[in-house]
Every structure is written in C-alpha cells, then in structure tokens.
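# pasting the sequence and the predicted model now:
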Amino acid sequence: MAMKEVEVRVRTIASRPASLVGVALVHQAFRPPKWDSSDAGPLHLAADEPRGGRRADVPVLRAIGLFKNSASHRRVDFEDPTEAAEVVLLADLLMRLLNKIPPR
C-alpha cells in the first residue's frame, strides 16, 4: 500500500492520467529527452543536474516494479516483519525525494 502512495504522488506531480499506472507511469514521468528538453518527461532533471541525479527515476522505477506491481495483482504476505517495515521506509524516502522536485 505504501508504494501505491508513491505511484499516486508521481502521477500527481507529473500531471498524468489515472489510466497510466506502474512502471509505464514512472517511465513517462521521468523520460529523458530524445532531441531537446521539450520532449522530456515532466519529472526529468535538467542536464545541468549532476549525472547521477539525472537517473533519479531508477529507484522509483525499481520500487514500483518490485513492491507496488506485485501487490496490485495478488495478495503479498511478508513473512519477515523487518522486510515489510523496510518497504514502508523506502516508500517514505521516495515520497520525501519526490516532494523535493521543483515544479516544472
């Protein structure tokens, strides 16, 4: 459920439709430009950002793919309570990072 909130936050700040979900949403929101900055995703960081920062979509993409998508399609029971807590903490971190993205 925590990763669902990350997905909702990405959708909201990227102004994407509710029909766009999961990994496809993250790809579109953080899409790097093909030719110029006008075709970049709304959450893609500018070229003047540090190189590592420009791939900010990677942790969001992996988290959505690993933890949100599986829970959307079937019941996921964490046998290890520490692992379950860490997923919530990861979602919290991602939310805080998303909240730092300046408006475009």
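Yep, it's here.
# this structure: helices as residue ranges?
Ranges of helices within the chain are 2-14, 22-29, 57-63, 69-73, 81-99, based on DSSP state H.
# separation between residue 34 and residue 77?
Here the criterion is Cβ to Cβ, to the nearest Å. By it, residue 34 lies 42 Å from residue 77. C-beta here means a position set from N, CA and C on the backbone, and glycine is covered the same way.
# then residue 10?
From residue 10 to residue 77 the distance is 26 Å (Cβ to Cβ).
# for residue 24, same thing?
Residue 24 is 26 Å from residue 77, by Cβ to Cβ.
# and if you look at residue 15?
35 Å.
# neighbour-wise, which of those two wins?
Shown here are residue 15 and residue 77; by other Cβ atoms under 10 Å, residue 15 has more neighbours (9 against 6).
# skipping adjacent residues, who's closest to the most centrally placed residue in the chain in space?
By Cα atoms, centre = their mean, the chain has its centre lying nearest to residue 60, at 3.5 Å. Closest residue to residue 60 apart from its sequence neighbours, by Cβ to Cβ, 6 or more residues apart in numbering: residue 26 at 5.3 Å.
# can you get me a residue count around that neighbour?
Neighbours of residue 26 using other Cβ under 10 Å come to 28.
# likewise for residue 98?
Other residues close to residue 98 by other Cβ under 10 Å number 18.
# that one - nearest residue in space that isn't next to it in sequence?
Closest to residue 98 by Cβ to Cβ, 6+ apart is residue 9, at 5.1 Å.
# now for that neighbour: which residues touch it?
Applying Cβ atoms under 8 Å, 6 or more residues apart in numbering to residue 9 gives the contacts 95, 98, 99.
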